[in-house]
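**Student:** model this:
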Amino acid sequence: VHDLLDDPEAIEPADVVLLNRVVCCSADGLELTAAAAKLTRGALALLFPRANVVTRFLAACERFMARLFGRKYRIYVWTPAQLTAAAATAGLVPVASGGSFVWRYLVFGRPVPGGASGSRGWAREELYDDRTRWPR
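**Tutor:** Okay, the predicted model is just below:
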């Protein structure tokens with residue numbers, strides 16, 4: 001296990017980077033997303049809690065209780081727009097999203113020069129079959 005924000009140069013780039021329920025556990029979740037985006041050669045996938053009134057309230061209650069009992073662990077709720085902006089700092093574009101009642105996912109990819117979508121980045125139909133929502 002390595003702390004990406006402490007020493008990002010110690011981590012080698014990868015084709016696919018997955019942050020599975022990680023950005024919600026850090027006050028530096030947006031910086032973590034940006035750092036992970038810089039390390040991906042292909043796709044970055046994020047899984048995080050939905051940003052709504054309920055999850056924001058629960059996260060605020062958890063942070064209060066953690067402070068009260070002197071615990072370091074905290075929960076943070078980031079919006080998809082905030083995470084998208086963080087990934088965009090490394091040139092990634094959104095290619096898929098979805099989720100459940102509680103969890104949401106976003107997948108980002110690197111634009112492919114000369115691809116069907118030109119300079120706008122990957123077109124969704126280039127990567128995903130709408131019937132299954134899984135990569136072809």
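**Student:** What about Thr84, how many residues nearby?
**Tutor:** Residue crowding around Thr84 was assessed by other C-beta atoms under 10 Å; the count is 18. Any C-beta I mention is one placed from the backbone N, CA and C, and that applies to glycine too.
**Student:** Going by secondary structure, it is in what exactly?
**Tutor:** In this structure, Thr84 sits in helix 80-88 according to DSSP states H and E.
**Student:** Just the residues contacting the longest helix that the chain contains, thanks.
**Tutor:** In the chain, ranked by residue count with DSSP state H as the criterion, the top helix is helix 53-69. Outside helix 53-69, the residues that touch it by C-beta atoms under 8 Å, 6 or more residues apart in numbering are 24, 49, 71-77, 102.
**Student:** quick one: contacts for Gly29?
**Tutor:** For Gly29, the residues meeting the contact criterion (C-beta under 8 Å, 6+ apart) are 22-23, 48, 76, 78, 83.
**Student:** what kind of secondary structure is Val95 in?
**Tutor:** Secondary structure assignment for Val95 (DSSP: H, G, I helix; E, B strand; the rest coil): strand.
**Student:** Next: the one 10 residues further on.
**Tutor:** Classification of Tyr105 by three-state DSSP places it in strand.
**Student:** Show the pLDDT at it.
**Tutor:** The predicted local confidence for Tyr105 comes out at a pLDDT of 95.
**Student:** quick one, helices of this structure?
**Tutor:** The residue ranges that make up the helices of the chain, judged by DSSP H, are 29-39, 53-69, 80-88, 124-127.
**Student:** Inside strands: which ones of the contacts of Gly29?
**Tutor:** Judged by DSSP state E, the contacts of Gly29 include Phe48 as members of strands.
**Student:** Work out which residue lies at the spatial centre of the protein.
**Tutor:** In the chain, the C-alpha closest to the average C-alpha coordinate belongs to Leu46, at a distance of 3.2 Å (C-alpha atoms, centre = their mean).
**Student:** Quick check: bridge partners of that residue?
**Tutor:** Leu19, Leu106 (DSSP bridges).
**Student:** For it, give me its contacts.
**Tutor:** Taking C-beta under 8 Å, 6+ apart, we find Leu46 in contact with 19, 23, 33, 83, 87, 105-108.
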